[in-house]
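> Make a model of this:
(one chain, ligands or ions: 2)
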Amino acid sequence: MEAIILSGGFGTRLRPLTYTRAKSLLPIMNKPMVSYLIEMLPDSVDTVILAANYKKIQLEEYFETSNTNKTIIVNDEPKPLGTGGAVKFAEKYLSDEFFVLNSDIICSLNLSDMMTFHRKHDAVSTISLWPVENVSEFGVVEIQKNGNITKFVEKPKQEDAPSNLINAGAYFLESSILDYIENGRLISMEKEIFPQIITDTESFYGYQFKGYWMDIGRIRSYLDIHQDLLIKQNKNNHFGNNIVNNGIVNKTTVGNDVVIGKNSKIEKSIILDNAIIEDDAIISNSVIGENCTVCSKSQLSWVVVGDNEQISANTIEENKSFWTQEIPKEFPKKQIGNVIGE
Ligand code: GDD
Ligand code: MG
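Residues are numbered from 1 along each chain as shown. Ligands and ions are numbered 1, 2, ... in the order given. Next up, the predicted model:
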């Protein structure tokens, strides 16, 4: 059986970290996000199709050297085809039933249980559901007691939302749904295809689960998931290999080959591989990219520093994103603003 992982988004809300990497390779506790998704797949899935375009070479390179017990296919879209178009573009690899996963979700969903639910209801499509307070950034469903979904609205205004149950970003689909998707066009699964399947088949189901669900779409949620995982794993910090630490580090994830200077204090932050934090720096609620240097006596709070940047000595900044290099040409044009708060 196959699983498609939708790995083609640019991750605009995660810039500047996504100027240099595919969103699904963003490390969470020093492990790429996509690895968490592959690990959650049941044994019955033997083939993983990574629906990719932006920075797809990085994905190919990553999977050349990392061991999974599944066949990995990086399916390169010539241009972004949207969540629906990307699934259609994988058609030649798909059999009768398959999973589709958004690549920016970490959750406790048991996909085998969702598949059992799907078969019991003889469904054409089953999507995972999670309750949230503010639904306006998500797909929202109207659902009956037996799990039959009667309406799907993508990103409605809060007052127009049919419920507080949102699309949690994992689907189990019958191949007949592929007939709904046109070839080669940018198509949103959520806006165009799901509503049509509901109308035509009346066999579109929602599967609710318990535990946890986290969407890593923004810098703020990227920081939050690290705090949540530290608590879940009952750890104060998470350290990679080969770290020189002469500072005071608290509630922080530190990548490999990082140097932390004397008297530097780092709290609730993420320091990626090969970063150097010089002496007497204070860093809180911030992300420091790979190969960065934060020079001495800098004070950074709610700051994101893109890869390969240098922060000069005595810099004092709050709520700021640092990026001085060229923005990749293919990246959607958007101003760098208040990245953490947005
Ligand atoms: N291959 C490919 N091509 N993948 C894409 C493309 C594309 O053109 N566009 C987006 N993706 C991928 C993203 O990388 C992500 O993994 C997934 O498709 C969903 O796109 P997002 O851009 O992250 O959508 P969203 O977060 O606004 O909303 C989606 O996720 C919510 C849950 O977090 C929707 O599925 C909502 O309905 C859902 O509630
Ligand atoms: Mg998303």
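> Mind giving me the packing neighbours of the longest helix along the chain?
Using DSSP state H, we find that the single longest helix of the chain is helix 219-232. Counting contacts by 3 or more CB pairs under 8 Å, 6 or more residues apart in numbering; DSSP states H and E, helix 219-232 packs against strand 27-28, strand 213-215, strand 238-239, strand 270-271, strand 287-288. For glycine as for every other residue, the C-beta is placed from the backbone atoms N, C-alpha and C.
> ok, now which ones touch S312?
S312 makes contacts with 295, 298, as judged by CB atoms under 8 Å, 6 or more residues apart in numbering.
> let's number from 425 now, not from 1
All right, first residue 425 from here; so that's S736.
> What spatial separation is found between it and ligand 2?
34 Å (CB to the ion, to the nearest Å).
> What about I428, how many residues nearby?
Using other CB atoms under 10 Å, the number of residues around I428 comes to 26.
> if you look at the longest helix of the chain, does any of it touch ligand 2?
No. Residues of helix 643-656 are not located near ligand 2 by CB under 5 Å from the ion, the shortest gap being 9.4 Å.
> comparing the helices and strands packed on helix 643-656, which gets the lowest mean pLDDT score?
Mean pLDDT is lowest for strand 637-639 out of the helices and strands packed on helix 643-656, coming in at a mean of 93.
> neighbouring strands for that one, and are they parallel or not?
Each strand that pairs with strand 637-639, with its direction, by DSSP bridges: strand 529-531 (antiparallel).
> Compute the mean per-residue pLDDT across the strand it pairs with, please.
Mean predicted confidence for strand 529-531 is 95.
> cool, and stretch 594-608?
Rounded mean pLDDT across stretch 594-608 is 96.
> thinking again about what came up before, got the buried residues for the longest helix of the chain?
643-647, 649-650, 653-654 (16 or more other CB atoms under 10 Å).
> With stretch 730-744 instead?
730-733, 735, 739, 741, 743-744.
> The residues you listed also near ligand 1: which ones?
Applying CB under 6 Å from any ligand atom to the buried residues of stretch 730-744, one finds that nothing falls near ligand 1.
> Secondary structure added to these, as a markdown table?
A markdown table is the format used below for those (DSSP: H, G, I helix; E, B strand; the rest coil):
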| residue | secondary structure |
| --- | --- |
| G730 | coil |
| D731 | coil |
| N732 | coil |
| E733 | coil |
| I735 | strand |
| T739 | coil |
| E741 | strand |
| N743 | strand |
| K744 | strand |
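> Can you pull the domain assignment for the protein?
426-639, 661-746 (automatic domain parsing).
> so what's the residue nearest to D731 when sequence neighbours are not counted up against?
Counting by CB to CB, 6 or more residues apart in numbering, G713 is the residue found nearest to D731 once chain neighbours are left out, at 3.9 Å. By CB under 8 Å, 6+ apart, the contact set of G713 is 440-441, 444, 696, 699, 728-733.
> With I497 instead?
Going by CB under 8 Å, 6+ apart, the list of residues near I497 reads 471-474, 517.
> can you tell me which of these are in strands?
Secondary structure from DSSP state E places 471-474 of these in strands.
> which one of the residues you listed sits closest to K503?
L474 (16.4 Å; CB to CB).
> Check the burial of that closest one by counting its neighbours.
A count of neighbours around L474, defined by other CB under 10 Å, yields 28.
> do K721 as well
16.
> roughly how far apart are it and N709?
Distance of K721 to N709, computed by CB to CB, to the nearest Å: 19 Å.
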